[in-house]
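Colleague: For reference, the sequence and a predicted model appear below.
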Amino acid sequence: MLHVTLDSTKTWKQIVDAFATLLTEVHFVFTETGLSLRQLDSSKAAMVVLNLPSGVFQEYSCEGDYDVCLGVDELVKVSKRMASDDKLEFTLNEKDSRFEIKMLGQAERRFSLQILDPPARSGKKTSMTFDAKAEMFADSFKQAVKDIGVVSNHVKLIAEGDVLTFAGKGDTGDADVSLKRGDDESPLFELKVEKKAVSMYALNYLTEIAKAMSSDSVTLQFSTNKPIMLEFAIAEGGSITFIIAPRVDRV
């Protein structure tokens with residue numbers, strides 16, 4: 001049996017919007033402890049991770065483990081029909097292989113979505129260590145990515161000492177944005193660097209992830225020529241994480 005309720009349509013829309021940036025299908029895993037997802041995009045260059053503990057929901061009844069795979073386009077269309085004051089109910093109809101989303105507000109509305117076959121491969125949990133960790137205002141991250149996008153299709157991140165730099169170079173010029181920890185007006189309020197880290201990432205991925213950020217702050221962790229992990233909070237106690245493969249410049 002799987003039946004959960006959520007009072008905040010805003011939280012659900014934030015989750016769906018985050019998935020829509022990279023995925024065409026979502027493979028939810030419901031367990032007694034909460035809702036999770038760990039999935040690669042089709043290019044296998046990016047991974048999305050969701051952790052939503054049961055306490056985020058107002059009611060959470062899950063007897064056993066359930067895999068629920070749904071199309072992102074359908075989820076997006078349904079989420080757009082949610083009113084801000086709706087209460088949401090999610091129920092698994094195992095007999096008909098349907099995932100039911102009910103909206104309770106001025107009217108009672110129900111959508112029944114076909115459950116798809118789960119993807120053959122999902123992202124495996126791996127242990128990762130990083131040389132640099134930064135925490136900053138999400139809006140400042142978004143602006144830095146937009147600034148580099150003026151001249152380049154890639155963003156080079158450099159963490160050294162007390163400074164985190166976003167840099168880019170293209171045919172028309174180059175740009176960089178430097179943030180220093182400790183400055184009174186700096187949006188960078190944490191930077192820990194074990195050793196200098198320099199790595200480059202595709203701008204299109206970072207741009208889409210920036211659009212999905214719904215919290216005030218974001219945490220970045222990376223090492224030289226290694227994947228970057230970006231994490232931000234969702235609801236109380238939940239989190240969404242993106243892991244992006246680096247672009248290694250061999251020139």
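Modeller: Received the coordinates, thanks.
Colleague: Now for residue 68, how many residues are close by?
Modeller: Neighbours of residue 68 under the rule other Cβ atoms under 10 Å: 21. All C-beta spots, glycine's among them, are computed from the backbone N, C-alpha and C.
Colleague: What are the boundaries of the helices in the stretch 151-251 of the chain?
Modeller: For the stretch 151-251 of the chain, the helices defined by DSSP state H, counting those that start in this stretch cover 203-212.
Colleague: Quick check: closest non-adjacent residue to residue 148.
Modeller: Nearest residue to residue 148 in three dimensions, chain neighbours excluded: residue 168, at 3.7 Å (Cβ to Cβ, 6 or more residues apart in numbering).
Colleague: Give me the neighbour count for residue 170.
Modeller: 14.
Colleague: residues touching it, list them.
Modeller: Neighbour list for residue 170: 151, 152, 153 [criterion: Cβ atoms under 8 Å, 6 or more residues apart in numbering].
Colleague: Return the distance of the residue nearest to residue 14 when sequence neighbours are not counted relative to residue 180.
Modeller: In space, and not counting its chain neighbours, residue 14 is closest to residue 214: 4.2 Å by Cβ to Cβ, 6+ apart. Distance of residue 214 to residue 180, computed by Cβ to Cβ, to the nearest Å: 27 Å.
Colleague: what about the two, which has more around it?
Modeller: Between residue 214 and residue 180, counted using other Cβ under 10 Å, the more crowded position is residue 214 (18 against 13).
Colleague: Can you check the pLDDT for residue 56?
Modeller: What the model reports as pLDDT for residue 56 is 94.
Colleague: whoops, I mixed them up, residue 236
Modeller: According to the prediction, residue 236 has pLDDT 84.
Colleague: can you check residue 21 too?
Modeller: The confidence metric pLDDT takes the value 87 at residue 21.
Colleague: wait, doesn't it sit right on residue 208?
Modeller: Yes - the criterion here is Cβ atoms under 8 Å, and residue 21 meets it with residue 208 at 3.9 Å.
Colleague: ok so, going back, spit out the contact partners of the residue nearest to residue 14.
Modeller: By Cβ under 8 Å, 6+ apart, the contact list for residue 214 reads 14, 17, 18, 232, 234.
Colleague: Just the buried residues of those.
Modeller: Restricting the contacts of residue 214 to buried positions leaves 14, 17, 18, 232, 234, with burial counted as 16 or more other Cβ atoms under 10 Å.
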